[in-house]
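Novice: 3D model of this:
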Amino acid sequence: METATTSKPNLPNDQEESSKQVGLIYDERMCKHSTPDGEDHPENPLRIKAIWNKLQSARITQRCVVLSGKEAEDKHIALVHTQRYIDLIKKVSSKRYDSRREKIASEFNSIYLNEGSTEAAYLAAGSVIEASERVARGELKSAVAIVRPPGHHAEADEAMGFCLYNNVAIAASFLLNERPDLGIQRILIVDWDVHHGNGTQKMFYKDPRVLFFSVHRFDFGTFYPTGDDGSHTMIGEGLGTGYNINVPWEHGQCGDADYFAVWEHILIPVAREFAPDMILISGGFDAAVGDPLGGCRITPYGYSVMMNKLMKFAQGKIVMALEGGYNLDSIANSVLACVTALLEDRPIIGSSEVYPFESTRRVIKAVRGELSVFWPTLSDELPNDLVLTNKETAPVELISRSDSDAESDEDVNAQSQLSEALSEVNRVDVVQNIIQDLSMLKVDEATNDHDADGPLLWRSVLSKIDIWYGSFGSNMWKPRFLCYIEGGKVDGMQKPCSGSMDRSSPKSIVWKSVPHQLFFGRSHTSTWGPGGVAFLHPQSSNTERSYMCLYKITLEQFNDILLQENGQNVSAASSLFDLSALESVTKSNFLTLEALKGGWYSNVVYMGKEEGLPILTMTCPFLDVESFSTGKLPLKEPSKCYMDTLVKGLVAGKQLSEDEAIAYINNASARSL
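Specialist: Okay, here's the model as predicted:
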């Protein structure tokens, strides 16, 4: 099958071709899978194009065996997926499904489908099979499959999380069940995507031939795909008990040091005992620094170290298949680092002289405790200081940092590391300006826990950054807004707010009108009692105008307001909305926060700039808008006390008279979406 990439480089002789040991698969036909109407989406064709362009510009493609894409056969997909599901994916791109395709996609979680989805899904699965078979046969030492759509969330009969076919699971089952003659009897699957590989886990949960290892954000079950599947207590079943290992981060911001500690104290000891014949990597790069969805901080150097350590097993027989990763620079640089490691080049320059989180120690200890009965190597007492014994990386100790912001002689060097990391992710102008405000922040303070009773160090970073918070509801009245900053309540509220960690008043207040529809929905709130509350339609419209009061506050305070508006406590272990999120929302205009899934105001909307600073507001997700418009969620007028607060805000802000304010609210309450 012909690949749609540039032609393979000319080689001087057959000997040079045979000397190549690393394979690459890339096929532009996988770019045909895209959103039906061309709307923006994080999982888009530019992801694999950016990777391929980076490898070409670095002349890596000339040093590898470039393989053609190959479609999977149904019988091989059927090793892990049901026939009914295969039939659906096989037919969904046909013309007779044109009118039903959008409805089918809506029945799955976080999925879109178009006329190119079927071909891309078959190519992604088949290409991973092709790469794995060639490595298993010894034709290649290792390979990287630059494929999409990704696969590790896809379950036997369900697409989810941008994934259609479970590419890595299909390849593993193919080697174990269809090609036993190749001698691959034990496979280690390492899933370092920031999201838990729920689909892969379920497919091998009872199979001792596959050791499934997933390190991922868990956030106590609130991070996508949510639920308990990613818990460290999910260790397998039946003969597969002990062969499922989850390392669930308690929060975001985890970086090189945290992952190195997990490699050293869980994965490497277990891999040594398991002795895999081959390693398949679900290579998601949404844990990379700068990713808009992941919120973690692995550098390209970090990925190269993790890859290098895995190369010491299975005689280096490794196949890495692309999963997630949604910052184009981050995924391109990270994949380049991994391929460079597989080529056994001189290690890329990097440093890991930062400390893991204190929570990393808790997680490692919990995982080892759960699995030590199955893997005796994990029964040893975990040292107080987690230090890497391999000299490839700098020593990594695990300690609790103090909460002091005092500068030291090391701050300038630390800041240079921060600047280098941020420069990799192609910040938009507003974030470039913000970086200048961080000139004296210490990188290890910006990425580590405090003692349990102290404020968290992410606050030190975000407290230096000003934004405008735009209010369209009860917060338009300043005394009500200050409840979220100072704590307490105003008349009509049935319970007080906890307030922000930083109780400083807003630096400035301005009013403006915005081209969005104001509406009132829900039937009851714990704060105001019976009645609807204000929402702003996230999509702008030239025919709409709503009033908005802007408060200049810090990004730290904005995080605390987000938490309180969504019914959570401000003592969160990590920021909900950091610099990566700010970059993402300024590009896409909307960002629904997975950690607030189910929250009424979990959708952050970018409203442009005021005085050079971004304007951010929070409203309901688009799915809720659809539910309001179809009647699944009620549209309802506000209660008298809530309406009185809105009127006070509009009048005190000198936007409307009392009668005009009442008419404005009544009009918004009476309209449909």
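
Novice: and residue 190, what are its bridge partners?
Specialist: Residues in a beta bridge with residue 190, per DSSP bridges, are residue 213, residue 281.

Novice: That one contacts residue 276, correct?
Specialist: No - with contact defined as CB atoms under 8 Å, residue 190 does not reach residue 276; the gap is 9.8 Å. Every C-beta, even on glycine, is put in place using the N, C-alpha and C of the backbone.

Novice: Mutual contacts of these two, please.
Specialist: Shared contacts of residue 190 and residue 276, defined by CB atoms under 8 Å, 6 or more residues apart in numbering, are absent.

Novice: and after the helix or strand encompassing residue 331, which helix or strand comes next?
Specialist: Using DSSP states H and E, residue 331 maps to helix 328-342. Past helix 328-342, further along toward the C-terminus, the next helix or strand under DSSP H and E is helix 358-371.

Novice: Tell me which other helices or strands that next one touches.
Specialist: Counting contacts by 3 or more CB pairs under 8 Å, 6 or more residues apart in numbering; DSSP states H and E, helix 358-371 packs against strand 244-249, helix 256-262.

Novice: Now do the buried residues in it.
Specialist: 358-361, 363-364, 367-368, 370-371 (16 or more other CB atoms under 10 Å).

Novice: list the contacts for residue 170?
Specialist: 72, 76-77, 79-81, 125, 128-129, 151.

Novice: I'd like those residues as a markdown table, with secondary structure appended.
Specialist: Written out in a markdown table, the entries for these read as follows (DSSP: H, G, I helix; E, B strand; the rest coil):
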| residue | secondary structure |
| --- | --- |
| 72 | coil |
| 76 | helix |
| 77 | helix |
| 79 | coil |
| 80 | coil |
| 81 | coil |
| 125 | helix |
| 128 | helix |
| 129 | helix |
| 151 | coil |
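
Novice: what about burial for those residues, which qualify?
Specialist: 72, 76-77, 79-81, 125, 128-129, 151.

Novice: wait, which of those residues is closest to residue 25?
Specialist: residue 128 (8.0 Å; CB to CB).

Novice: separation between that closest one and residue 321?
Specialist: Residue 128 sits at a distance of 5 Å from residue 321 (criterion: CB to CB, to the nearest Å).

Novice: Please identify every residue contacting each of these two.
Specialist: 145, 147, 151, 167-168, 171.

Novice: thinking again about what came up before, just the CA trace of the helix holding residue 331, in CSV.
Specialist: Output in CSV follows, covering the C-alpha atoms of helix 328-342 (Å, rounded to 0.1, in the frame of the first residue of the first chain):
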residue,chain,number,x,y,z
LEU,A,328,2.3,20.5,18.3
ASP,A,329,5.7,21.6,19.4
SER,A,330,5.6,19.4,22.5
ILE,A,331,4.7,16.2,20.7
ALA,A,332,7.1,16.9,17.8
ASN,A,333,10.1,17.5,20.2
SER,A,334,9.1,14.6,22.4
VAL,A,335,8.8,12.1,19.6
LEU,A,336,12.1,13.3,18.2
ALA,A,337,13.7,12.7,21.6
CYS,A,338,12.3,9.1,21.7
VAL,A,339,13.4,8.3,18.2
THR,A,340,16.9,9.7,18.9
ALA,A,341,17.1,7.4,21.9
LEU,A,342,16.1,4.4,19.8
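
Novice: contacts for it?
Specialist: Here helix 328-342 has contacts from 22, 24, 46-47, 50-51, 53-55, 58, 60, 64, 141-142, 144, 146, 283, 285, 288-291, 298, 300-301, 303-304, 307-308, 311, 318, 320, 322, 325, 347-348, 424-426, using CB under 8 Å, 6+ apart.

Novice: Which ones among these map onto strands?
Specialist: The strands, defined by DSSP state E, take in 22, 24, 142, 144, 283, 318, 320, 322 from the contacts of helix 328-342.

Novice: Pipe these into a markdown table and attach distance to residue 642, neighbour count and pLDDT per row.
Specialist: Converted to a markdown table, the ones in strands among the contacts of helix 328-342 look like this (distance: CB to CB, whole Å; neighbours: other CB atoms under 10 Å; pLDDT from 0 to 100):
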| residue | distance to residue 642 | neighbour count | pLDDT |
| --- | --- | --- | --- |
| 22 | 63 | 22 | 97 |
| 24 | 59 | 25 | 98 |
| 142 | 61 | 29 | 98 |
| 144 | 56 | 27 | 98 |
| 283 | 49 | 29 | 98 |
| 318 | 59 | 28 | 98 |
| 320 | 53 | 27 | 98 |
| 322 | 48 | 30 | 98 |
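
Novice: Is it possible to get CSV of these that adds distance to residue 597?
Specialist: Below are these laid out as CSV (distance: CB to CB, whole Å):
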residue, distance to residue 597
22, 39
24, 36
142, 37
144, 32
283, 25
318, 34
320, 29
322, 25
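
Novice: From these, pick the one nearest residue 487.
Specialist: residue 283 (45.3 Å).

Novice: re earlier: pull out the buried residues from the contacts of helix 328-342.
Specialist: For these, buried by 16+ other CB under 10 Å: 22, 24, 47, 50-51, 54-55, 60, 64, 141-142, 144, 146, 283, 285, 288-291, 298, 300-301, 303-304, 307-308, 311, 318, 320, 322, 325, 348, 424-425.

Novice: Report pLDDT for residue 598.
Specialist: pLDDT recorded at residue 598 is 81.

Novice: for residue 528, same thing?
Specialist: Model confidence at residue 528 (pLDDT) stands at 93.

Novice: so it sits right up against residue 636, yeah?
Specialist: No - counting by CB under 8 Å, residue 636 is not a contact partner of residue 528; they are 11.7 Å apart.

Novice: quick one: which of these two has more around it?
Specialist: Between residue 528 and residue 636, residue 528 has the larger neighbour count (other CB atoms under 10 Å), namely 22 against 17.

Novice: which residues touch the closest residue to that one other than its chain neighbours?
Specialist: Leaving out its chain neighbours, the residue that sits closest to residue 528 by CB to CB, 6 or more residues apart in numbering is residue 642, at 4.6 Å. Residue 642 makes contact with 474, 492, 528, 531, 533, according to CB under 8 Å, 6+ apart.

Novice: just curious, which of those is nearest to residue 106?
Specialist: After measuring the contacts of residue 642 against residue 106 - CB to CB - the closest member comes out as residue 533, at 26.5 Å.

Novice: In terms of secondary structure, what does the helix or strand hosting that closest one contact?
Specialist: Taking DSSP H and E as the definition, residue 533 sits inside strand 533-536. If you count contacts as 3+ CB pairs under 8 Å, 6+ apart, strand 533-536 packs onto strand 518-521, strand 613-619.

Novice: model confidence over the first one, on average?
Specialist: Over the span of strand 518-521, the pLDDT mean works out to 97.

Novice: Start the count at 558 instead of 1 going forward.
Specialist: That works, and once the first residue is 558, the last one we named lands at strand 1075-1078.

Novice: Adding pLDDT, write the buried residues of helix 915-928 out as TSV.
Specialist: TSV is the format used below for these (pLDDT from 0 to 100):
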residue	pLDDT
915	87
916	91
917	94
918	93
920	96
921	97
924	98
925	97
927	96
928	97
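
Novice: follow-up on the earlier one: what is the nearest of the buried ones among the contacts of residue 727 to residue 778?
Specialist: Once CB to CB is applied, the member of the buried ones among the contacts of residue 727 that ends up nearest residue 778 is residue 708, at 22.6 Å.
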